[in-house]
Each structure stands twice: as structure tokens, then as C-alpha cells.
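Asker: I would like the atomic coordinates for the input below:
(chains A and B)
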There are 2 protein chains.
Amino acid sequence: MGYAQLMEAMGQVNDLLNTQSILNWDARTMMPEGGHETRGKQLATLSVLTRDLLVSAETRRRLDAAEAEVANFADGSVEKVMVAQVREAIDYHLAIPADLTRRRAELGSLGHAVWAKARAESDFKQFAPILEQTVALNREMAEAIGYSEHPYDALMYRFEPGETVATLKPLFNRLREGLQPLVKAIGEKQQPRFDFLERHYPVEKQHAFALAMAQKVGYDLHRGRLDTTLHPFEVSFTRNDVRITTRFNPNYMAASLFGALHEAGHGLYEQGVDPAYTRTPFATDLVGLYAVGGVSFGAHESQSRLWENHVGRSREFWQVNFAEAQNFYPEQLADVTAEEFFRAVNRCKPGFIRVEADELTYDFHVMLRTDIEAALIDGSLAVKDLPEAWNAKIKEYLGLDVPNDAQGVLQDVHWSSGQIGTFCNYTIGNVMAGQLFETAKQDGNIADGLARGDYEPLRLFMVENIHQHGRRYGRDELLIKATGRRLDPEPYIAHLTSKYSELYGL
Amino acid sequence: MGYAQLMEAMGQVNDLLNTQSILNWDARTMMPEGGHETRGKQLATLSVLTRDLLVSAETRRRLDAAEAEVANFADGSVEKVMVAQVREAIDYHLAIPADLTRRRAELGSLGHAVWAKARAESDFKQFAPILEQTVALNREMAEAIGYSEHPYDALMYRFEPGETVATLKPLFNRLREGLQPLVKAIGEKQQPRFDFLERHYPVEKQHAFALAMAQKVGYDLHRGRLDTTLHPFEVSFTRNDVRITTRFNPNYMAASLFGALHEAGHGLYEQGVDPAYTRTPFATDLVGLYAVGGVSFGAHESQSRLWENHVGRSREFWQVNFAEAQNFYPEQLADVTAEEFFRAVNRCKPGFIRVEADELTYDFHVMLRTDIEAALIDGSLAVKDLPEAWNAKIKEYLGLDVPNDAQGVLQDVHWSSGQIGTFCNYTIGNVMAGQLFETAKQDGNIADGLARGDYEPLRLFMVENIHQHGRRYGRDELLIKATGRRLDPEPYIAHLTSKYSELYGL
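Answerer: Coordinates of the predicted model:
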């Protein structure tokens, strides 16, 4: 009975976390402005109750009973893994003093307004005191959670379990070594034609086209919907209600299109989780307290980047689908070829802003932030020296002189909410996408599908190897099953090298 | 400290109830079809946790301490009333065995599908066994809750506290006596011109016009929004986020217009509650477990009916606003006068369906149901005899022969969810609206405002006398403060008599 009772409690935890996701989705898409203050209180109440339910004496009693019940089950059995995950999460939460959680939440709600003003006035000094406190609190958090080598490892655990400063170092070195020559070489080359992406594209048409492309790669509208937000995102309330958003700029159609494909990639992951895992720990991040089926932030990002970049920005995709784009936009694309469209959406141009970065330069923004966060946490970089360190890295990686703090160190919202440790997953995702795509393409059926615009074989490969498993296996366990090896940057570097060499005649 | 701690717990209860409202709103407006099953589980979890939190040993400990703390406060003080309401609600919930709540919820989730099929096939016999169980369970519920005279009183308590079979009897008698002659007399009169309401009105235009009229009477869009549903409703997530919906029929514009005005009336009530009562029992129905600022279902209905009928269906309203209607619909209303429009939207035509009934015949549908429910509960009417009793009453009141069960006894969804006791509030609301409107109009400033299209004086009268108080005072307490007397049907009967006599030349 212990196991069944524990699963019942975990179902309730999952319900409460999904409820929070619904409230957050509503706040970002539908809520009138007046609702903010009390919505914050509703979310705070749910958050407290969820954590309390998870670590309650009653849940722990059930956990003890469940552990006894499954003690003789085979290692790796569903029941044994479920129970172990619950134990791990409860230990994690009990290790963090309630007072620390409270102080971080308070700082987080304070920090956003200070950051927003500092960014608006491009003045890092205004934000520095908040960041000092954020770093100090996260250091405390790291000590409470515990780590073997580097305190930053403890912070990454919540987002990318298993990843450490030590594992990231060789990965980042190899990426810099492989990609920096490409960035440098492109700097001197002529840029492709780009004008037609900046024509007038009515927002309703963009919505319909973005949705059509998302559905083409398999996003299921019976279990989803597409809405409009300033920053695109995906959120699921179980596999049967997985919503995405994108942003619409009437004078730049690529933003909505690739935003939707990216989020549809996330959405496919959630829609593909085994129905048997619904409302279980395999569809719940019990450490991060977030209802999600994806096993890590990096694994999730691998799916969004795969569909956005490896599929959506491929020549093959537009050879097949450009006619449909022209049907949607007969005037705007009248004088454009599929090849021109493909080249335009792959234009590489180093810039200051991470969220606007192209496929090739994106990882430099991520590596810069990850290295800086680790240095802030271990004390080797002081907050006051941060802008200088940031600007030096942008110069080193991208050859650009950062003109002000707003376009530099103040651009991201993350630190304003008290969050440190979540940047590396973007690059992990890119690397993992490259690795999975290389393996998938070796299947002739998948390769043929891509060539003729049938994305179902590729999607089913991802369902089979990644999606269906939810959070049952670790990220590297999945990668080894799917590709025969752990995280390996070579396929990703090879993909970018070949693609950009050809595009820019390097 | 007891009082402050109790209020903190009540804030959490309010947050959880508002959360349920958000999930329900989303399910009815935004959710993709796939989400239903797990949404039901999320709502069930929240519902259990909310009830558990309200009646928990910890909350009761706080309540005991709060009662001691406020014992010497003045009677009627905010603190004393708050504490008394919490005590009353906790006693109510503890009186109902958990097992009974569970059985009723199970029957409710079972009943809807059976009812829907029975209605589709117009076959009461299929639904009768469910209704038998519903009646039996509600009888059990009544016994658990307790009552002085009639078991139905115990069921009405949740929706219309203070109302009983004994208080309704003279009210209904007087209404029948006052209104039946009007219905009869109109039957022989010529109907007004009506054709133009059934022209083609594009849905987007209807949305914009309905919203414009809702805003005209004071509905605040910074704290609200209008969406589309099959059945219009209003729901609030605190006074600062109060949403309404309406339905759109492209060939009948009156449905969306008066649906929106009706729901905007509900919305004004919620938007007008004293901000100091946010997240307190004065904005929480702790008995019905529903986050709402209105003091009873009937009081709420008085506000919707007031703005829908007394304002929105008045000659004055269209004398001022018909030009704007023509701006929205220049072609559809080209050959129509304000007077013709006013007469068309007041057409009186007895029919079978409650939700389509006009202002004059509506109460007969309500009285019929209330009397039948009371008779089912006290056993004087058997379920098997229900269709016959129903049809006889429709013949008696409206002179119509019910052709089948779908248009008769099976038309309403209420019984399918296990709910009995909630019909009388529609008529209470009509009566109360008549009484409040009569008093308000005696203020020259309000009457002038109505004549020139300024609805702010009337709205402020309602804020002052009804809205701001939330659930602090009982319904009749409010009425006495506002109009000098308890619920009184005479102003309502006078309003209908004068209006319909003039419209139909009686």
C-alpha cells in the first residue's frame, strides 16, 4: 500500500504544480493588468502548499513504506526509480532552510523592478547591490545543497543534473576551438539578401503560418494552442494540454515562425511522454518543483533547437515548404526563391543580445554567462568587476565593443529573479540536438522523410528515444541509449562547420 | 495573534478558491479538448486541499484563539463578523460527512453524461434513476446540515441564506397573482417588429459592440476581459481580475449584447467590493467554497438583472445609445428606429426554455423549478411523476403544451451535477433588482444620469449600497439599509406592469 499511497500524493503534487503553470500561463497571456498583485499571492500560496505536501510527515511516512515495499524489486524498475526520485527530491528540499527559500523569494520579487529600472537607464551600479545579495544567497544555497568540487555544481543540479564546472570546461573549450574560426571567417564575407524578411507581414497571417508549420512537424492542436506573448515559451499541464506562444513583429516574419517552431519542439517533447507517466514523478520535476515531462532543461532545449534549427532552418525544409510560405504571403515573397529564403533565415551576424543571436554565435553568449556565474559564485570575480569582464569576453568571442550596460550585462532577466545556474542548458541542448540529429539521419526512412517533407519518422525517433521516457532516465542515459555515447560536441560542430562553410563559401 | 493568523489562513483559502475559478475559466474558454481529464483531477485535488485547510485542526486552533481575541469587540465589528462567518462555515462543513461529499461528487461526474444522452434522445426515463439518487443524496445532505421546517431550506442555505420554503410561498403567490394576467393579456396582442435582430451581424462586430456597452455601464477592462463561451458567465479572481463571457450568434445580435450586459452587471458587483476585503471571508463564500464578493446568489443576480433589464432594456437607454448601435451596424440597423429597437428587445413570448425566456415570463420557469425541487425533497412528488407535473405547470403558467422531455424537464444542466436548491435566486434577483432600482431612481442625479446616458451615478449607488460591502452584511440587511425594507416584490411587479402595459397597450 505504501507505493500506491505515495503515488497518490505525487499525483496531488503534480496537480498543484500544473495548477501553478496554468496560473503563470494565464498571467502571461490572458490576465488583465489589474490581476498581478493577487495572482502573485495565489502563486505564493500554491507554492508553499506544494512544498509542504511534498516534504510532509505523511508523505515521508508513505515514502518509507514505499521504499520497504519496493526494496526487492529489480534495480531500474519503474517503481524503484520513482521511489528513489522522490527520496532524492525530499532530501534536496529538506536540506534548504525555509528561511533561505523565503529570503530568496523576497529578493527575487524585489529584484525585478530594480533590474528593470537599471536596464532602462543602462546603469549597472543600480543593480549591483541586488546582484551582490543574489550571489551571496546562491552561495548559501549551494552550501546547503552540497557539492563535491565547485559550489556552482550545486546550483546547476536543479536544471541540469550531473553537469558540473569540471564537465563543462572541456566541452566549452572544444566548442570555442571549433566555432570561433567560423565566426571570424564569416565576418569578412558578404551577407545574403535579407530585405524580404522585413516586409510587412500581417500578424494574423503570421499566426496562421506559424501554426501551420508547427502542426507540420507534428504539434497536436487537440492537445495544444498557440498564443501571443512578448517572450515565446512552452508550458504543459500534462501531456494532453501543452501550450506554446510566440511573438509577432509585423515587420519581421522570422521571429514568429522560428519562435513557434522552437516552442513546438518543446511541445512535442511534452506531448510525447508516455501516458502512463501522467501525474507521476516521471512527469514532475520534484527538485525544481515544476510539472514537466522533460528530463533536464538541456534535454528540453535539444528538442526545441532540433526542430527550430536542424529541421526548420535546413535547405531541405524550405525546398519542400517554401511554396506554402508563398501561398500565405504571395506578395511579400513574390520575388524570392526557396534558396534565398533558406539563406536569409540562416544569416550569421554577431550581436550583443543573446535572444537575438543566430545559430552559430548563440553558444558564445551562453558560455560567457556560465563562466561568469561560476566565477561569481566561487568568488574569483567580484560583482563590481562584472561589466568589464563581460565586455572583454564579448570582444574576445565576437569582436564587438559593448556600447552600454543595457546591451551588455543587464540584458537578461534571470539574475533579477534570484536565479543562478540555468544558462548552460542552452548550449547543452544545442550539442545534444546535433548528436541526436546525426544519429536519426542515419536511418534512411527518416532522411527520406525530411527530404519529402514528412517529419513523422523523425518525430517518432524522438518519441521512441527521448519523449516517451519522461524523467525516467537521466539525460546521459538517454543519449547513450539513443546514440551509443554520452554528450559529444563533435556532431554539432560538424553540422555548423558544414552548414556555414557552404553558406558563406568559407 | 489569533485573529491575524486566522486571516492569514483565510487568505490562503481564498487563494485556493480563486485558483479553482481560474482553472474553471480556462477550461471553459481556452483549454484544448485534450486537457479535460487531467483538469478534472487538478480541480479535485485543489478542492480536497481547500476543504482540508479550512477545517484543519490548525485553522480551528486559530479560530478558537481569534474568538477569544475578539470576544470583547463591538457586535457587528468587522473582526467579530469575520470570525463568526468562519465558525459558521466550519460547522457547516464538519456537519457533512466526507463520505456523503464523495458520493455526491461521484454521482455528479457520472450524471452529466447520462443527462446529456437522455436530453439528446428526449427520454426522461434514462435520467430518472440518476435523479432518484440525486434526490436521495440531497435529502441526506439536508438532514446532515439541519433545518427547522423544511428539508429544502437546508439546501437553499448554501445559495440564498435565510430563504426558506415558508418565505418563498407568499413571494411566489404574489408574483403569480401580479404577473399572470399580463402574460395572458399579451398573448392576444400584436407583436412588435423583430426582423432586424435576426439579420447578419458579424461576430467580431458583436464582440466590439457588446464590450462597448459593458464599458459604458462601468465595467473596467483594466480589471476584466470578455471572452466567448456557449453559456455566458462571470467569474472573479479577486476584485482586480473579473472576467465575463458571452455567446455569439451571427444571426441574432441580442444574445451577445444582453448576455454581456448581464454578465457585466455581475462583474460590476465583484469589481466594486472594498479592496480591504480582498482575500478575506468578506470576499469568500466559505460555505459554498467559492471565491466571490457577492453576498448571495440572489443578490448577485439582482446586479446582473438590473443592468441587463432595468437599464439595458429601457427606452431611455436606447434613446441615448441607439446611434452608437447604428455606428457599429450601419447596414443592419439602417431602417430601424430607436423605438423599434427598444420594442424588439422587449418582445414577450412565452416559450418552453428558461434560458431563452423574456423578462416577463422568466420567473414562471423559476417558480416551477423551485416548487418541484422542494416537492421532490420532501417526498410529495415522486421522480417518476416529474414530467407530468412539469408539463402541467407550464400549461398553467404559460398556456403551452410541452412537446417532449428535451424541451421540458430535461432542459437544465443543474440536476445532472447533483445540485438541488439553486433556482430561487434568479427570481430573488429580479425582485431585488426592482426594489433597488425603484429606490435609486428617486435620486434626481441618478435619474438624470440615466436620461442622458451617464450610468456612473447609478453604479455608484450600487457600489455604496451593495458592492463595497462584499459579504459583510446579509442580503436583507443590505436591502434594509438601501431601501428601508426587506425583500418586497411590489416595485418589481409595478415595473413589469407599467412596462408591458405600455409596450403592448394592455
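Asker: Just the closest residue of the stretch 51-200 of chain A to chain B, please.
Answerer: A:Leu53 (7.9 Å; C-beta to the nearest C-beta). Using the backbone N, CA and C atoms, a C-beta is placed for each residue, glycine as well.
Asker: and the residue nearest to that residue when sequence neighbours are not counted, how many residues sit next to it?
Answerer: Spatial nearest neighbour of A:Leu53, chain neighbours left out: A:Val13 (5.8 Å); criterion: C-beta to C-beta, 6 or more residues apart in numbering or on different chains. Look at A:Val13: counted by other C-beta atoms under 10 Å in any protein chain shown, it has 25 neighbours.
Asker: is it fair to say A:Val13 lies in a strand?
Answerer: No: read with DSSP: H, G, I helix; E, B strand; the rest coil, A:Val13 is helix and lies in no strand.
Asker: ok, it to A:Arg104 distance?
Answerer: As judged by C-beta to C-beta, to the nearest Å, A:Val13 and A:Arg104 stand 21 Å apart.
Asker: can you check A:Glu490 too?
Answerer: From A:Glu490 across to A:Arg104, the span is 39 Å (C-beta to C-beta).
Asker: what's the answer for A:Leu226, then?
Answerer: In terms of C-beta to C-beta, A:Leu226 sits 33 Å off from A:Arg104.
Asker: Find the centremost residue of chain A, please.
Answerer: A:Glu301 (4.3 Å; C-alpha atoms, centre = their mean).
Asker: Report the contact partners of it.
Answerer: Counting by C-beta atoms under 8 Å, 6 or more residues apart in numbering or on different chains, A:Glu301 touches A:Asn425, A:Tyr426, A:Ile428, A:Gly429, A:Asn430, A:Met432, A:Ala433.
Asker: Surely the residue nearest to A:Leu53 touches A:Asp52?
Answerer: No: A:Val13 lies out of contact with A:Asp52 (C-beta atoms under 8 Å); the separation is 10.3 Å.
Asker: Show me where the stretch 251-400 of chain A has its strands.
Answerer: Along the stretch 251-400 of chain A, no segments are classed as strands by DSSP state E, counting those that start in this stretch.
Asker: now the helices: where do they sit in it?
Answerer: A:253-271, A:297-305, A:315-328, A:338-344, A:362-378, A:386-398 (DSSP state H, counting those that start in this stretch).
Asker: Need the ones you listed in CSV (columns: distance to B:Tyr277 and mean pLDDT).
Answerer: Putting the helices of the stretch 251-400 of chain A into CSV (distance: least, C-beta to C-beta, whole Å; pLDDT from 0 to 100) gives the following:
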stretch, distance to B:Tyr277, mean pLDDT
helix A:253-271, 39, 97
helix A:297-305, 41, 98
helix A:315-328, 51, 98
helix A:338-344, 57, 98
helix A:362-378, 44, 97
helix A:386-398, 46, 97
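Asker: Out of those helices, flag the one nearest B:Thr278.
Answerer: Across the helices of the stretch 251-400 of chain A, the minimum distance to B:Thr278, taken as C-beta to C-beta, is reached by helix A:253-271, at 34.5 Å.
Asker: Show me what the closest one is packed up against.
Answerer: Here helix A:253-271 touches helix A:203-216, strand A:224-228, strand A:234-236, strand A:242-246, helix A:297-305, helix A:456-465, going by 3 or more C-beta pairs under 8 Å, 6 or more residues apart in numbering or on different chains; DSSP states H and E.
Asker: relative to strand A:242-246, how tilted is the helix or strand where A:Ala9 lies?
Answerer: A:Ala9 belongs to helix A:2-29 when assigned by DSSP states H and E. Helix A:2-29 and strand A:242-246 are oriented at 20 degrees to each other (axes from the mean of the first three to the mean of the last three C-alpha atoms, to 10 degrees).
Asker: Going by neighbour count, which residues of stretch A:387-399 are buried?
Answerer: Residues A:Pro387, A:Ala389, A:Trp390, A:Asn391, A:Lys393, A:Ile394, A:Tyr397, A:Leu398 are the ones in stretch A:387-399 that count as buried (16 or more other C-beta atoms under 10 Å in any protein chain shown).
Asker: which other residues reach that stretch?
Answerer: Outside stretch A:387-399, the residues that touch it by C-beta under 8 Å, 6+ apart are A:124, A:176, A:180, A:183-184, A:187, A:350-352, A:361, A:364, A:367-368, A:371-372, A:375, A:381, A:400-402, A:405, A:408-409.
Asker: got it, and stretch A:488-504?
Answerer: Contact with stretch A:488-504 is made by A:171, A:174-175, A:178-179, A:182, A:185-186, A:189, A:192, A:310, A:343, A:346, A:348, A:359-360, A:430-431, A:433-435, A:437-438, A:506, as judged by C-beta under 8 Å, 6+ apart.
Asker: what's the answer for stretch A:341-348, then?
Answerer: Against stretch A:341-348 from outside (C-beta under 8 Å, 6+ apart): A:183, A:186, A:191-194, A:196-197, A:254, A:258, A:313-315, A:317-319, A:322, A:325, A:333, A:358-361, A:499-500, A:503-504.
Asker: Ok, stretch A:155-170 next?
Answerer: Stretch A:155-170 is contacted by residues A:138, A:141-142, A:145, A:147-150, A:152-153, A:287-288, A:296-298, A:370, A:373-374, A:377, A:420-422, A:424-425, A:428, A:474-476 when judged by C-beta under 8 Å, 6+ apart.
Asker: in stretch A:194-202, what's buried?
Answerer: By neighbour count on 16+ other C-beta under 10 Å, the buried set for stretch A:194-202 is A:Phe196, A:Leu197, A:Tyr201.
Asker: Number of residues surrounding the residue nearest to the last one when sequence neighbours are not counted?
Answerer: For A:Tyr201, ignoring the flanking residues on the chain, the nearest one in space by C-beta to C-beta, 6+ apart is A:Met253 at 4.1 Å. Other residues near A:Met253 come to 28 when the count uses other C-beta under 10 Å.
Asker: Contacts only, for A:Met253.
Answerer: A:Leu197, A:Arg199, A:Tyr201, A:Gln206, A:Phe209, A:Tyr329, A:Gln332.
Asker: if you set the cut-off to 7 Å instead, what comes out?
Answerer: A:Met253 makes contact with A:Leu197, A:Tyr201, A:Gln206 under the criterion C-beta atoms under 7 Å, 6 or more residues apart in numbering or on different chains.
Asker: of those residues, closest to B:Pro275?
Answerer: Taking C-beta to C-beta as the measure, B:Pro275 lies nearest A:Gln206 of the contacts of A:Met253, at 40.0 Å.
Asker: Fine by me, we can end here.
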